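give me coordinates for this.
(chains A and B)
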Protein chains: 2
Amino acid sequence: MSKKKTKKYVYFFGGGKADGKGDMKDLLGGKGAGLAEMTNLKIPVPAGFTITTESCNEYFKAGKKYSTGLWEEVLENLKKVEKAMGMKFGDSVNPLLVSVRSGAKFSMPGMMDTVLNLGLNETTMNALIKKTGNERFVYDAYRRLITMFGNIVMGIDRQKFEKAIEEIKIKRGVHLDTDLTVGDLKSLVEEFKIIYKRGTGEDFPTDPYEQLKKAINAVFGSWFGDRAVKYRKINDIPDDLGTACNIQSMIFGNLGENSGTGVGFTRDPSTGQKKFFAECLINAQGEDVVAGIRTPLRIEELKKRLPKAYKELYSIYKKLEKHYKDMLDIEFTVQEGKLYMLQTRVGKRTAQSALKIAIDMVKEKLIDKKTALLRIDPSQLDQMLHPMIDPKAQIKVIAKGLPASPGAAVGTVVFTAEDAERAAEKVKKVILVRTETSPEDIGGMHAAQGVLTARGGMTSHAAVVARGMGKCCVAGCGAININEVQRYFTVNDLIVKEGDYITLNGTTGEVILGEAPLVTPALTGEFGTFMKWVDEFRKLGVRTNADTPHDAKVARDFGAEGIGLCRTEHMFFEAERIKVVREMILADDKEGRKRALARLLPMQKSDFIGIFREMHGLPVTIRLLDPPLHEFLPHTDEELRELAHEMEVPFEKLKAKNKSLHESNPMLGHRGCRLGVTYPEIYEMQVQAIIEAACELSKEKVKVIPEIMIPLVGHVNEFTMLKDLTKKIAEEVKAKYKANVKYSIGTMIELPRAAITADEIAKEAEFFSFGTNDLTQTVYGLSRDDAGNFLPYYVEKGVLEDDPFITLDQKGVGQVIKIGIEKGRSVRRDLKIGICGEHGGDPKSVEFCHKAGMNYVSCSPYRVPIARLAAAHAALKEKIKKDLSKSTV
Amino acid sequence: MSKKKTKKYVYFFGGGKADGKGDMKDLLGGKGAGLAEMTNLKIPVPAGFTITTESCNEYFKAGKKYSTGLWEEVLENLKKVEKAMGMKFGDSVNPLLVSVRSGAKFSMPGMMDTVLNLGLNETTMNALIKKTGNERFVYDAYRRLITMFGNIVMGIDRQKFEKAIEEIKIKRGVHLDTDLTVGDLKSLVEEFKIIYKRGTGEDFPTDPYEQLKKAINAVFGSWFGDRAVKYRKINDIPDDLGTACNIQSMIFGNLGENSGTGVGFTRDPSTGQKKFFAECLINAQGEDVVAGIRTPLRIEELKKRLPKAYKELYSIYKKLEKHYKDMLDIEFTVQEGKLYMLQTRVGKRTAQSALKIAIDMVKEKLIDKKTALLRIDPSQLDQMLHPMIDPKAQIKVIAKGLPASPGAAVGTVVFTAEDAERAAEKVKKVILVRTETSPEDIGGMHAAQGVLTARGGMTSHAAVVARGMGKCCVAGCGAININEVQRYFTVNDLIVKEGDYITLNGTTGEVILGEAPLVTPALTGEFGTFMKWVDEFRKLGVRTNADTPHDAKVARDFGAEGIGLCRTEHMFFEAERIKVVREMILADDKEGRKRALARLLPMQKSDFIGIFREMHGLPVTIRLLDPPLHEFLPHTDEELRELAHEMEVPFEKLKAKNKSLHESNPMLGHRGCRLGVTYPEIYEMQVQAIIEAACELSKEKVKVIPEIMIPLVGHVNEFTMLKDLTKKIAEEVKAKYKANVKYSIGTMIELPRAAITADEIAKEAEFFSFGTNDLTQTVYGLSRDDAGNFLPYYVEKGVLEDDPFITLDQKGVGQVIKIGIEKGRSVRRDLKIGICGEHGGDPKSVEFCHKAGMNYVSCSPYRVPIARLAAAHAALKEKIKKDLSKSTV
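Below is the predicted model of the structure:
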C-alpha cells in the first residue's frame, strides 16, 4: 500500500542552515518559520525540525494516521539534530532531550502547550547524572516531564501532581520547590508514576520514541480540541489550516556557573530609548526568570561573568533588529558557556515607546513612513491623550467595572450631581458615584474628575457622555452597592463614605481605594510629526461629535475636520434652560409651547454661534431634537412637587402629564423625527436658531457650513415632511437677513427600515449619517442600557466575539449599513455618507467604514487622533492588498 | 404647427351605442367605461362622452394646453349628444344641460367632484322656464351651478355660499332650503354672483362653452391636486395614468308627478335574499333621497304610480345582474315618464349577504367557485364569527378607542382583574376596564365579556391577548379617565361607576353607555360550504397561535392545520404557578432556581399534554420562555410586601431584586433566548416537559409533532448553544421513556440581525417562524406599546398608509423578511418557513406571505377562517396574473 513519496513533511533547522524560511508560515506555522529564519541568519538556535501543517491535515483525513513516510522523515531529521548537537536521543552516554510544541499559522488559544525534556528514562537519566554530576537537576527534569506529559499529552488533571508536591513540602516542612532534596524528588517521581498509571491505565513510557510519537499526536489532536475549534469558528479561521509541530533540542541554563538564561528587549519598551534592555540569571532555567523567585541581574552582569557569551548576544541583538526592522523581545540560554537563542519576536511596548521607536527607525532609514504608521495600533494612542496612574505606584484595587472612558482620575466621593457641582465651585476634586447617570447629571459629570456607575454598559449614558467630555469613567461596576441617602457605597465588607478618596482607571475599569499618583503623558513634538504622516495616507475624513464650543475646540486641536454630530438636546439641560424646556413640554397647547420655544430660541442661537465660530470653514452637522420629552422632566415625586411649586401649577396636573409621557420602551418611542412630525414648532425653532446664527456670523465673515440632520427617520414621508418645514423656515430667515447662507438637509440612518429603504430616502436627503448606536440596538434588538445583565456573559462565553456597542458588528449591522449605502448611492451618486455612533472612534469599525466607502467618521474629541490613525491604517492595508493582488496577476 | 391628428380623444355614448367598452378603464376611467358598457347593453343612459386619460396626460405635457383637435372633438361629440337627446347646448328653446365628472382608472380621494347643470345662463334659463313652467326649479338649478362651479372649479370656500343661504333663511324665518320662494332664490342668485366675482375677480361665465371648458380644465387640474398626488404616492399609483373626464346630459326627476328618482340593490344587501330591494321618491332629485328629508317609498309604489318606468327598471335590473354577474347597486331617474339609469356598480353588502349571494350565484351558474371566493373580502368574515350589536338598536356612543378585537360585549364595569374573576364566579357579566393590562390580568380578561383600556395600541397586551381569546376589546381609548381607587371612569363630564352597564363594539372601537342588544350570527351550512371551497384553492398553510387546549380546539374547529405559536409563558400566570415562577425568579442561585423549576415541570407537562392531545396528528410549535423575568413580578410596593410575606423573605431583599431586574427598554432587554443562554436550567425544564408530554402521549397512540422554537435569536451562536442543550435533554428523555418521538428545532426570526444572517442560522435551524410583531418593532424602531402617542396621527396625516402593526409594512419589514427567506433557503432548500405575528391574520399580509413563498401563516383562532380565505385569494390572484401574462405572450 505504500505510495511513492512526493511531499516533504519535515523541515530541519540547525547548524546554521534551515530547510524552511521566515515566510513559510502556512506550512511551518509561525513558530517554525521563525526558528528557520533565525537559523538561516546564522544565529545559534538549538537544532530541531518542524512537521508541516499539511502532515496534520493528512493525519486527520486518514483517520488519525500518519502519512506514508512521515515517521521515517521524523527519524531522519532526528538523526540530523543528533548530529548538529553532537548528542543522541535515548543514548546511554550523551543523551539528547527534546521539546515538542504546536505552532499554527496564527497563535491560537486552546492549542497544545510545550512538553519539555522528552527522551528521559532510566538509561538517559543515568547518563545525564554522570555527564552533569547533578542528580537533583536530572530528577527535577524528570518530574517535570511526567507532569507535562501526563497533563498535556494524556489529559491527567495537573492538580493531582501539584497536590503530591504540596504534600511532600508539608511533610518536609519546606515552602519552595527548590528546597526539596534529591531524595524528595526521587520519591516524588515514584509517586508521579503512580498518578500517571492511575490516570491512564498504563506505565509512563520509557521508550523515548514512544514519548515523542505520543507528544506529536497530542499536538495534532489539539487542533480539533474544543477550545481551538470554537476559537476558529468565532474568528472565521478555516479548519483546514492545520497546525505544525516543532521538535527542538533541549538546552539547560542551570548546569552551573558557566550557564545562565535571560530575556530582554532591543530598545526600552517604556520610553523607546535606543539601548539594549535585558536581564539575566546565572545557573538558572527560563522558568525561574518568569517565576520571579530570584531577582534577575542587569545584563551588564553577564558581560562580567560570561563575556564571550555576552559579546555574541550583543552582536545577535543588533543583527536581529536590523533583520526584523523592529524592536524585539528575545530569550536566550547559555549552556556551559555556549549561547543559544530560544526565541525572538516583536516586542510589546508602551504607546510612548512605540511612537518614538517608529519615528527613530524612519530616521535610521530602517523603515519607511508607511511601516512606521502601521506599527502603532490606533487604540494605543489613547494612552497618550489622558492622564494615567503611575505604573510604578502601589495601588489597592477594590472593584472592577467596564473601562467606559479612558484615563485616570482621583478625587473624593460624592453621590449627587449637585454635590459635585458644589465641590467644583470650591475647587475640590471629586468622583461622582451614581447607580446610573441621566441627562440631569451632566453638570455634575462635568464638574467631577471622573464618574463611577454601578449599572450600565459601554454605551450607557455615563459612558457616552464621559467619553464625549474626555472624562475618565468606570461604568457598570456591579460590585459596588450605593446607599445614596446615607451617602456611602460598599464593596463586600468595605465601606467607602462620602469624602473618602478613590482613584478610577478608566482604561482598565479598576476602582482603587485612596489617592493614586497620576502621570500626564506629554504630547511631544514626536506626536505631531506622527499625526502629520497619518494625514498623508488616510482617505477617510474624521469629524467629531461635539455639543459645545469647548468640545469643538478640543476636537479641532486634535485634528477634527468638522462636526459630524452636534446634539442639540444637551444644550437643553443647563439650569436656566431646563426650566423653559419643561414649560414647553408641560404646556397645554401649541400656543403655550410656542411661547416657551420663543424664549429658548435666543439661547439655542447663542450656542450655535459659539460652535460655528470655533468650526469656521468646517462643516457642522446639527441633529434636531432627538430624545423623548420625558427625559427632560424630573423623575421623583419630590422633584415634581418642587417643579410644580416653581411653575405655579397643581402638582396633580404635573404628575398626570408626567405619567402620560411615560413610555415602556423609550428607545422605540416618541422621539427623533416623530417629535418633529407631531410638534413641528420645536423643529421650527431649532432651524430658525441655526440659520439665524449662520446668517449673523456670515456678516462677520465667519464661514459657516451648517448641515441640518433629521434623526430617527424610518419612512421617507417623515423626512420629506420635515425637509419641507426646514426649507420653509430657513428661506424665511435668509430672506429676513438678506444673507446667502448655504445649508444642506440630511438624515441619520439609525433604523433598519431607513437602511432598507435608503433609495427612497436618498432621493430626498443630501447626506446620510449612520447612527450606529441606535442601529446596533435595533438590528440586534438590544438595549444598550439593559445589556449589562447578559452582554458581558455573552462576550465572556464566546457567544459574541465583541461587544457590538464597542466594535461594529460587521456581519449584522455592517450588512445593513452596506445595504443602506448601496441603495442610497444608487439614486444619488454623490451622497455624502458618514457615521456618528460610538463606533466612529473604534479602529476596527473605522476600517469597516473606509471599506464601505463612507466619506467620514465622527467620534468624540479625544478619539479623533485614534480615528485618524485607524483611517490611515485602513487606506494602507487596502493599498497593500491591491499591490499584492497586482503582483500575483 | 397643426399636426395630423391620429388619436381619438373623445368617446361618445348614447342612443344605444358607445364608442367605448367596459374593459377600457385605462383609457376611459372606471366611470366612463361603466357608462359605455351600460349604453352598449341598450340600457337607457343619458347621452354623453368621455375625454380620455391620454388627453389629460398630453394636457400636462404641453404645459396645460389641449392637444390639437381635442376641443374640436369635444364639440363634435357635444353635437352627437344634442342629437341623441333632442336638445341643444345653450339653446334658447330647448337647452341641453350637462354634468362634468372626473373618472380615473382607480377611484381616488382628492379627485374632482361633480359639477351639475352646466349650460345655464339667462337665455337657457328663460327657455327652461318656458319649457317646464317651473321658475323655482330653474333658479334652484342655477344657484346650485354657481355654488358647485365657484367652489369646485374656481376654489371659492363653499362656506361663503352656505352662509348666504343661512342668512336669507333667518331673514325669511324658514328652516329648510325647500321653504325658500322663487323670489328668495332670485336674490340668492344675485348674491352668489357677487360672491363669485369677489372670489375670482371675474363675472360668472355666461357662455356655456366657457363653463364647459373651465370645468374640463378643473377635472384635469385635480389630477395633480395635493391630496390626489399624496394618495398616489402612498398607494404607488403612477402619476402618468391620468384622469378621464365625463360630460353627460342632465336628467331631472323633479319636473313633476311623472318624474322621480330612486336607488336600490338587485338583492337584499343584509341577508342576500334574491329579491329587488329598492326605494324611490316621486318628483325629486337624487340629492333629496340622500339628504333624508323626505321618506322614500318602497319600490312597489313606483309600480303603481309609473308602471311603464317600473317595468323597464325591473327588466334592466335583471339584465344588469346577469351581465355583471354580481349584486348591484343602481341609481335611476325618471324624467317626465322616461327612465334613465344614472349609475350601476357592485353593491356593498354584509358578510352574511355576501356569502349567501356568492353561493347562490354559483348554484345559479352565474359564476364559478373561484369568482365566488374572490367576491368575499376576507376581513368581512370576521363579522360572522363574533356577536354583534343589533344594527337596528338605538345606541349612545360615549367614546371611541381602537377596534382591537372584534365582536361586541355587554356587562357591568369592573376595574380590577380580581373583581372580574369574582364576578364571573357569580355568573355575572362584566367589562374589565383598565388603564392598560399586564400578564397578571389574564385571569380577569378571561372572566370578563370584554376589555376596555385607556392606553395601548392595536398590538398592546390587551389587544393581542383579547384577539387570542376571541374576546371583544377596545384599546387605547384615550377619552376615558380611570380612577381605579374610587372605582369610576369619566368621559368628559360623564361618570361611569363600577356596576354601571356599558357595551363595547370591538369591530368599530365604540364604547356605548348601557346594555345594547346583541345578535349572534349563526355559522350556517353556507359558511361550511364556502370554507370547503376555500381550501380547494389555497396553497399556504394556516396554523393558529394558541396557548391552551381550549384555544387549540377552537382553532382546530375553525380549520387550523397546527399550532404555529404556543407561548409557554402564558401558562406561568395561573394563580398556583405564578408563586412558583416567582420563587424561581427570586432564587439566590441556580440550585434555588432548579428547585422551583422542578415544581413547575409537572404543571408545564400537563399543559403540553392537553394541547398535544387536541392537536393529534398536527404540528405544534412551542416557543420557549420569551418575556423578561420582571414581567412575572408584582409592580407595586404593596404587592411586593404581600409577596415577601408569602415567601417569608425580607421585603427589602425582594425590592432590591425587583429593582435589579428593572429594564429601561424591556423590549430590547434580557428576554427570549438571552434567558436561555444565561439561565439554561429554565429551557432545560421546558424541553423536558415538552418531550415527556410527547413520550407519554405516544404510548397512548396520540400522534405528537412537537416543533421547539428558540425565540429572539440574533446571532447563530445563541441558537447553536440552545439547540445543543435542547437535543441533549430531549435525547435523555426519549431514552428514559424508550419512546421514539420525532421533534424539530427551529427559531423565530424577529430581529433584523437574524434575517440578515439567516444563512448562518439556517445551517443550524430546521424551521423559521417570522415573529413580525417584534420584527416590525425593531425594523421600524417603534414600540407598539408606546406608538399610541403618535402612530394614529401618522396614519391620519398620511405619513404612513397603514398601522404597520396591523398590516405588514411590505417595503421595510417585508424586505427584511424576503432577505431572511432568500438567505435561509440558500443554505437549506426545504427550510420550513411561517409567520406567527399578528399579521398572520391580516389579509394583505397573508397575500404577502404567499408571494414570499412561506409555508404557512399562524394567527389567533378567530382569524383562522380569514387567513384561509386570504390564502385562497392570494393563490387565485397569482393564477389569474400568470394566466394573463401567458395570454399576452
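
wait, what's in contact with the nearest residue to A:Ile282 once chain neighbours are set aside?
In space, and not counting its chain neighbours, A:Ile282 is closest to A:Gly260: 4.4 Å by CB to CB, 6 or more residues apart in numbering or on different chains. (Glycine included, C-beta is placed from N, CA and C.) Contacts for A:Gly260 (CB atoms under 8 Å, 6 or more residues apart in numbering or on different chains) come out as A:Gly253, A:Cys280, A:Leu281, A:Ile282, A:Asn283, A:Ala284, A:Leu302, A:Arg305, A:Leu306, A:Ala309, A:Thr333, A:Val334.

and what of A:Gly90?
Neighbouring residues of A:Gly90 by CB under 8 Å, 6+ apart: A:Leu96, A:Gly119, A:Asn121, A:Thr123, A:Thr124, A:Asp207, A:Pro208, A:Tyr209.

now A:Arg305
Contact partners of A:Arg305, counting by CB under 8 Å, 6+ apart, are A:Glu257, A:Gly260, A:Ile282.

tell me which residue is most central in chain A.
In chain A, the C-alpha nearest the mean C-alpha coordinate belongs to A:Ser379, at 6.8 Å (CA atoms, centre = their mean).

looks like it contacts A:Gly841 (just checking).
No: A:Ser379 is beyond contact range of A:Gly841, at 9.3 Å (criterion: CB atoms under 8 Å).

secondary structure element holding the residue nearest to A:Asp240 when sequence neighbours are not counted?
Distance criterion CB to CB, 6+ apart; nearest residue to A:Asp240, sequence neighbours excluded, is A:Asn57 at 6.0 Å. Taking DSSP states H and E as the definition, A:Asn57 sits inside helix A:53-61.

show the average pLDDT along that helix.
Averaging pLDDT along helix A:53-61 yields 94.

check which helices and strands it sits against.
Contact partners of helix A:53-61 among helices and strands, from 3 or more CB pairs under 8 Å, 6 or more residues apart in numbering or on different chains; DSSP states H and E: helix A:25-40, helix A:208-222, strand A:243-249.

who touches both of A:Ser379 and A:Gly841?
A:Ile866.

one step back: in JSON lines, list the contacts of A:Gly90 along with distance to A:Ala867.
Output for the contacts of A:Gly90, formatted as JSON lines (distance: CB to CB, whole Å):
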{"residue": "A:Leu96", "distance to A:Ala867": "54"}
{"residue": "A:Gly119", "distance to A:Ala867": "54"}
{"residue": "A:Asn121", "distance to A:Ala867": "60"}
{"residue": "A:Thr123", "distance to A:Ala867": "64"}
{"residue": "A:Thr124", "distance to A:Ala867": "59"}
{"residue": "A:Asp207", "distance to A:Ala867": "60"}
{"residue": "A:Pro208", "distance to A:Ala867": "56"}
{"residue": "A:Tyr209", "distance to A:Ala867": "57"}
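
among the contacts of A:Arg305, which lie within strands?
Counting by DSSP state E, the part of those found in strands is A:Gly260, A:Ile282.

returning to that earlier point: quick one: buried residues of the helix holding A:Asn57?
By neighbour count on 16 or more other CB atoms under 10 Å in any protein chain shown, the buried set for helix A:53-61 is A:Thr53, A:Glu54, A:Ser55, A:Cys56, A:Asn57, A:Glu58, A:Tyr59, A:Phe60.

picking up where we left off before, in the sheet, who's paired with the residue nearest to A:Ile282?
Note on A:Gly260: beta-bridge partners by DSSP bridges are A:Ile282, A:Val334.

mind checking how far the nearest residue to A:Ala787 once chain neighbours are set aside is from A:Lys197?
Nearest non-adjacent residue to A:Ala787, counting by CB to CB, 6+ apart: A:Gly457, 5.1 Å away. Separation of A:Gly457 from A:Lys197 (CB to CB, to the nearest Å): 51 Å.

tell me which element A:Asp785 is part of?
Counting by DSSP H and E, no helix or strand carries A:Asp785.

over to A:Ala228?
Assigned by DSSP H and E, A:Ala228 belongs to helix A:226-234.

out of the helices and strands packed on helix A:53-61, which is closest to A:Leu869?
helix A:25-40 (25.6 Å; CB to CB).

what is the burial count for the closest residue in space to A:Leu751 that isn't next to it in sequence?
By the measure of CB to CB, 6+ apart, the closest residue to A:Leu751 outside its immediate chain neighbours is B:Gly781, 4.0 Å from it. Using other CB atoms under 10 Å in any protein chain shown, B:Gly781 is surrounded by 26 other residues.

wait, B:Gly781 sits on A:Pro666?
No: at 11.5 Å, B:Gly781 does not count as touching A:Pro666 under the criterion of CB under 8 Å.

got the contact list for stretch A:144-153?
A:112-118, A:120, A:156-158, A:161, A:189, A:192-193, A:195-196, A:199-200, A:204, A:211, A:214-215, A:217-218.

of these, buried ones?
Burial by neighbour count, 16+ other CB under 10 Å: within the contacts of stretch A:144-153 this picks out A:112, A:115-118, A:120, A:156, A:161, A:189, A:192-193, A:195-196, A:199, A:204, A:211, A:214-215, A:218.

among the residues you listed, name the ones in helices.
Per DSSP state H, helices hold the following members of these: A:Phe161, A:Val189, A:Phe192, A:Lys193, A:Ile195, A:Tyr196, A:Gly199, A:Gln211, A:Lys214, A:Ala215, A:Ala218.

so which pair among those is furthest apart in space?
Greatest spatial distance among those (CB to CB): A:Val189 and A:Ala218, at 21.4 Å.

my read: A:Leu633 touches A:Arg582, true?
Yes: A:Leu633 lies in contact with A:Arg582 (CB under 8 Å); the separation is 6.4 Å.

who touches both of the two?
By CB under 8 Å, 6+ apart, the residues touching both A:Leu633 and A:Arg582 are A:Leu643.

now for the residue nearest to A:Ala787, how many residues are close by?
When neighbours are counted by other CB under 10 Å, A:Gly457 registers 25.

and it, which helix or strand is it part of?
A:Gly457 belongs to no helix or strand, assigned by DSSP H and E.

centre of the chain to whatever helix or strand A:Leu355 lives in, how far?
Here A:Leu355, judged by DSSP H and E, is contained in helix A:351-363. The chain centroid and the centroid of helix A:351-363 are separated by 21 Å under CA atoms, centre = their mean, to the nearest Å.
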